[in-house]
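Engineer: I would like the atomic coordinates for the input below:
(2 chains)
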There are 2 protein chains.
Amino acid sequence: MTITLQDCRTRDTQDPLRSLRDHFALPPGVIYLDGNSLGVLPKAAPARIADVVQREWGTDLIKSWNTARWFDLPQRLGNQLAPLIGAGQDQVVCTDSTSINLYKVLSAALNIAREDSPARKRIVSERSNFPTDLYIAEGLCKERGLELVLVEPEEIAASLTSDVAVLMLTHVNYRTGAMHDMAAITAAAQAQGILCVWDLAHSAGAVPVDLLSANADFSIGCGYKYLNGGPGAPAFVWVNPRHANRFWQPLSGWWGHAAPFQFTPDYQPAPGITRYLCGTQPMISLSALQCGLDVFTAAQSLGGMAALRTKSLALTDLFIQLVEERCAGYGLGLATPREHAKRSSQVCLTRDEGAGVNGQGSGAYAIVQALIARGVIGDFRKGDGGKGPHKDILRFGFTPLYIGFEDVWNAVEHLRQVLESGEWQKPEFNQTHAVT
Amino acid sequence: MTITLQDCRTRDTQDPLRSLRDHFALPPGVIYLDGNSLGVLPKAAPARIADVVQREWGTDLIKSWNTARWFDLPQRLGNQLAPLIGAGQDQVVCTDSTSINLYKVLSAALNIAREDSPARKRIVSERSNFPTDLYIAEGLCKERGLELVLVEPEEIAASLTSDVAVLMLTHVNYRTGAMHDMAAITAAAQAQGILCVWDLAHSAGAVPVDLLSANADFSIGCGYKYLNGGPGAPAFVWVNPRHANRFWQPLSGWWGHAAPFQFTPDYQPAPGITRYLCGTQPMISLSALQCGLDVFTAAQSLGGMAALRTKSLALTDLFIQLVEERCAGYGLGLATPREHAKRSSQVCLTRDEGAGVNGQGSGAYAIVQALIARGVIGDFRKGDGGKGPHKDILRFGFTPLYIGFEDVWNAVEHLRQVLESGEWQKPEFNQTHAVT
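Structural biologist: Okay, the predicted model is just below:
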């Protein structure tokens, strides 16, 4: 049966999570489907940040280390975040960037794996993993004489050989929204004596994650995507308690010291996850992250991540169905898995090479630009230009905290109009510039 | 001739930099002598930060990567900071923390020194260097099978042997305020084929620094002390252009890539200093740093760092003279050099062990607490308890941007009263707790 706008409105009125939308300052006239790139502003953030700036910094100055508890904010935020990723208390800290946290855990994982088994000289990852993860792994391999092996998803199982130290994967693929089975892959790797590092950049706050049940070894993730922590918000790092005290990580700064105010010349790592801290953190940005996490805390009483997952799948199911019903015949394909267990909270559409203006390119970039001009914010990820398996991608994130069913209807209606009218072919939408 | 309060007031009225104080929101009733730990709030910061939060994040969202120029903010701030440290344009980026930036440059310096001369296996530093610097060096040495050699300042020259790869020093000692002769030490080290890494945490914005004239190799520094960038503000990193393209640094994240939006699986470092970027930066905190730098830009027309240095020395001269005139006989000593060329912008006083309540400890901690209770904010740094050469320290920073001569008079008068009345001996000032 064909879905109508009225159906979507009815679903919004019946949505038990609808009130969560009121926690956010959504820009007027915008359907924001890019929360997987930069989450929106929580309404509580401006006042909270103003307080950090004017009272904590301006008035209280260094006293705020104690009175505002700056000193344990990375741990407090980590504890607030922990339930979203199936971590225990005192197992997570919010600090530094995703790339830097990856360097910490990958270094520690390599040290542990290679101490137990020095012949293991490989890191295995996916060729289409998020590039910065590969860059960090490449740097570590170069530095330590190890090898980074990149495979396709279907080759992962076969790549888990006895010379592999670490399997490093991103749980949700940034280009396609495809999601790995964390528990199964972790078990398969560990059966071969391989440690698993999971990047949750596109998972935390978007899909339920259970690091402890999956028995993962190390994990990191991003604060500014689905967690709505603000532009460049500090990231997070989790270490399985069985590894937490075993190695220090190489970015061994004062904040990870067992007695940071003793000012001893030698480094003694703090017990547990605190040793994954390094230098002084950007307190204003770190405090903003708390406003994002507070919305998830509020969501607990409405069913938490399980309820958010149910809504997320309903939103992405609806989007896929509406695109297929209403935008058929315009050369769009689906890059995201239909199977729920393999789908995250984003939907990625493809366009074939040659479908662009005058048969040049795919036109995907121009379609995204035309949608943005109408206030429907998604983003574009470039493919390999027909040289490989990766098509150009139109990427749409559906954050169940603030996206509604009518938003999905309206987004697809705009997409239909952009395609039907041919307005995407206008020159102004076909001028590439810095893509973010 | 004895100095009077009126003399100090006259000097304030004659101070050509007096107007700079109006750029800051100084807390009422406070004489803030801890700008070497956390700089004060620029008056422009609350509005600027609110605009970043509400417009750049809240309204413009991902468009701000282009419209608000988030993407080159680390370089723009680096260029704004460059004149304060004698660096050229496009040689500095503001990013990450001091500790993490030290890891980057120390790694690069080791790679360069050891490629040229593999037998060099030592890093030399000062035993009383800032601890986090030593922790980072210790971690790198452990990881790479190198040796960290710690010496006293007077032993540095003799330690520059042919097995040394890198000399890593902090320009201004955090405990004593003593300042190294950067040009002379750099020349002495380079004459032995040793590269020099300089930490400017207590120098940038406090004393004139000329990295290019000193021919330094690498440098890092802090954004939240004398630069007034806000709590935990991102730090900075400078690399001499002759080294900039020679090595990538190991924290090789996407923001240091030559083509970050191509999403290629392999890492190609950007040319020059941009390769010292790693992951996404905390934009709110990074934007706040600009407000701190803007005051230095405003100070250019009043004589810039040279004028600030003249005033800084006048302030610290005055403080030393007043303490010696008015607080004699209370067991205070001077840890900071009297010689201008060796003095930074802080003055550190000592108290002997046994001068505390009932002959326990030095009483320095309690004196600092009693001053803080009166609104005179300095800080305390613990010595070695009589076991070595380091006495307990009462540390006072004099930021010439906002501290005046009457402030110095009043601070010393409070110190005199605290000592004369014996109020520092009250139990509430003698209870140690977390010291920051």
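Engineer: Residue A:366: neighbour count?
Structural biologist: When neighbours are counted by other CB atoms under 10 Å in any protein chain shown, residue A:366 registers 25. The way it works is simple: take the backbone N, C-alpha and C, and place the C-beta from them, glycine included.
Engineer: repeat for residue A:348
Structural biologist: Residues contacting residue A:348 under the criterion other CB under 10 Å number 23.
Engineer: avg pLDDT for whichever strand or helix holds residue A:369?
Structural biologist: Counting by DSSP states H and E, the element that carries residue A:369 is helix A:364-373. For helix A:364-373, mean pLDDT rounds to 97.
Engineer: Next secondary structure element downstream of that helix?
Structural biologist: For helix A:364-373, the succeeding helix or strand toward the C-terminus, using DSSP H and E, is strand A:376-377.
Engineer: check contacts around residue A:285.
Structural biologist: For residue A:285, the contact set (CB atoms under 8 Å, 6 or more residues apart in numbering or on different chains) comprises A:229-230, A:232-234, B:282-286.
Engineer: residues of the helix holding residue A:369 that come out buried?
Structural biologist: A:364-372 (16 or more other CB atoms under 10 Å in any protein chain shown).
Engineer: ok, of these, which one's closest to chain B?
Structural biologist: Top of the list for closeness to chain B, among those and by CB to the nearest CB, is residue A:372 at 8.2 Å.
Engineer: all strands of the stretch 151-300 of chain A, in order?
Structural biologist: Counting by DSSP state E, counting those that start in this stretch, one finds strands in the stretch 151-300 of chain A at the ranges A:164-170, A:195-199, A:218-221, A:235-239.
Engineer: How about the stretch 1-150 of chain A?
Structural biologist: So, for the stretch 1-150 of chain A - with DSSP E, counting those that start in this stretch - the strands run A:31-32, A:92-95, A:122-126, A:147-151.
Engineer: Pick the most deeply packed of those strands.
Structural biologist: The highest average neighbour count among the strands of the stretch 1-150 of chain A, using mean count of other CB atoms under 10 Å in any protein chain shown, belongs to strand A:92-95 at a mean of 30.
Engineer: Is it in proximity to chain B?
Structural biologist: No. Applying CB under 8 Å from any CB of the partner chain, one finds strand A:92-95 separated from chain B by no less than 9.3 Å.
Engineer: okay if I get the strands of the stretch 151-300 of chain A as CSV plus distance to chain B, mean pLDDT and mean neighbour count?
Structural biologist: Shown next, in CSV, are the strands of the stretch 151-300 of chain A (distance: least, CB to the nearest CB, whole Å; pLDDT from 0 to 100; neighbours: other CB atoms under 10 Å in any protein chain shown):
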stretch, distance to chain B, mean pLDDT, mean neighbour count
strand A:164-170, 13, 98, 25
strand A:195-199, 12, 98, 26
strand A:218-221, 10, 98, 29
strand A:235-239, 7, 98, 30
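Engineer: want to try JSON lines for those, with distance to residue B:35 as columns?
Structural biologist: Compiled in JSON lines, these are given as follows (distance: least, CB to CB, whole Å):
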{"stretch": "strand A:164-170", "distance to residue B:35": "43"}
{"stretch": "strand A:195-199", "distance to residue B:35": "39"}
{"stretch": "strand A:218-221", "distance to residue B:35": "35"}
{"stretch": "strand A:235-239", "distance to residue B:35": "30"}
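Engineer: ok, back up a step: which members of the contacts of residue A:285 are the farthest-apart pair?
Structural biologist: Pairwise distances among the contacts of residue A:285 were taken by CB to CB; the largest, 14.5 Å, belongs to A:229 and B:286.
Engineer: Of these two, which one has the most company?
Structural biologist: Using other CB under 10 Å, the more surrounded residue of residue A:229 and residue B:286 is residue A:229, with 32 against 26.
Engineer: and that one, what are its phi and psi?
Structural biologist: The phi/psi pair for residue A:229 (degrees, to the nearest 10) reads phi -90, psi 0.
Engineer: per-residue confidence for it?
Structural biologist: Predicted confidence (pLDDT) for residue A:229: 98.
Engineer: mind checking pLDDT for whatever residue of the stretch 1-150 of chain A ends up closest to chain B?
Structural biologist: Here the stretch 1-150 of chain A gets closest to chain B at one residue, residue A:97, 2.8 Å apart by CB to the nearest CB. Note on residue A:97: pLDDT of 98.
Engineer: tell me, how many neighbours does the spatially closest residue to it that is not a sequence neighbour end up with?
Structural biologist: Distances taken as CB to CB, 6 or more residues apart in numbering or on different chains place residue B:279 nearest to residue A:97, at 2.8 Å, with adjacent residues excluded. Residue B:279: 24 surrounding residues under other CB under 10 Å.
Engineer: so what's residue B:279 up against?
Structural biologist: Counting by CB under 8 Å, 6+ apart, residue B:279 touches A:96-100, A:132, A:235, B:253-255.
Engineer: same for the helix or strand where residue A:380 lies, what does it pack against?
Structural biologist: Using DSSP H and E, residue A:380 sits within strand A:379-381. Applying 3 or more CB pairs under 8 Å, 6 or more residues apart in numbering or on different chains; DSSP states H and E, we find strand A:379-381 packed against helix A:364-373, strand A:392-397.
Engineer: Mind pulling up the pLDDT for the residue in the stretch 151-300 of chain A that chain B sits nearest to?
Structural biologist: Minimum separation of the stretch 151-300 of chain A from chain B (CB to the nearest CB) falls at residue A:279, amounting to 2.8 Å. For residue A:279, the pLDDT comes out at 97.
Engineer: circling back to that earlier point, dump the helix holding residue A:369 to PDB, keeping only the CA atoms.
Structural biologist: Taking C-alpha atoms only, helix A:364-373 is exported to PDB below (Å, rounded to 0.1, in the frame of the first residue of the first chain):
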ATOM      1  CA  ALA A 364      25.300  12.700  -7.500                       C
ATOM      2  CA  TYR A 365      27.200  15.800  -6.400                       C
ATOM      3  CA  ALA A 366      24.800  18.100  -8.200                       C
ATOM      4  CA  ILE A 367      21.700  16.400  -6.800                       C
ATOM      5  CA  VAL A 368      23.100  16.800  -3.300                       C
ATOM      6  CA  GLN A 369      23.800  20.500  -4.000                       C
ATOM      7  CA  ALA A 370      20.300  21.000  -5.400                       C
ATOM      8  CA  LEU A 371      18.800  19.400  -2.200                       C
ATOM      9  CA  ILE A 372      21.000  21.600   0.000                       C
ATOM     10  CA  ALA A 373      19.700  24.600  -1.800                       C
END
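Engineer: From the contact counts, what lies against that helix?
Structural biologist: Contacts defined by 3+ CB pairs under 8 Å, 6+ apart place helix A:364-373 against strand A:346-351, strand A:379-381, strand A:392-397, helix A:405-421.
Engineer: who's in contact with it?
Structural biologist: Helix A:364-373 is contacted by residues A:349-351, A:356-357, A:377-380, A:382, A:391-394, A:411, A:414-415, A:418-419, A:423-426, A:428-430, A:432, A:435 when judged by CB under 8 Å, 6+ apart.
Engineer: Could you rerun that using 6 Å?
Structural biologist: Residues outside helix A:364-373 that contact it (CB atoms under 6 Å, 6 or more residues apart in numbering or on different chains): A:351, A:378, A:380, A:392, A:394, A:414, A:418, A:423-424, A:429-430.
Engineer: Let's have the residues you listed in CSV, adding pLDDT and neighbour count.
Structural biologist: Formatted as CSV, the contacts of helix A:364-373 follow (pLDDT from 0 to 100; neighbours: other CB atoms under 10 Å in any protein chain shown):
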residue, pLDDT, neighbour count
A:351, 94, 23
A:378, 97, 25
A:380, 94, 21
A:392, 94, 26
A:394, 97, 25
A:414, 98, 17
A:418, 98, 24
A:423, 96, 16
A:424, 96, 23
A:429, 95, 20
A:430, 91, 18
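Engineer: Since that was my last question, I'll sign off now.
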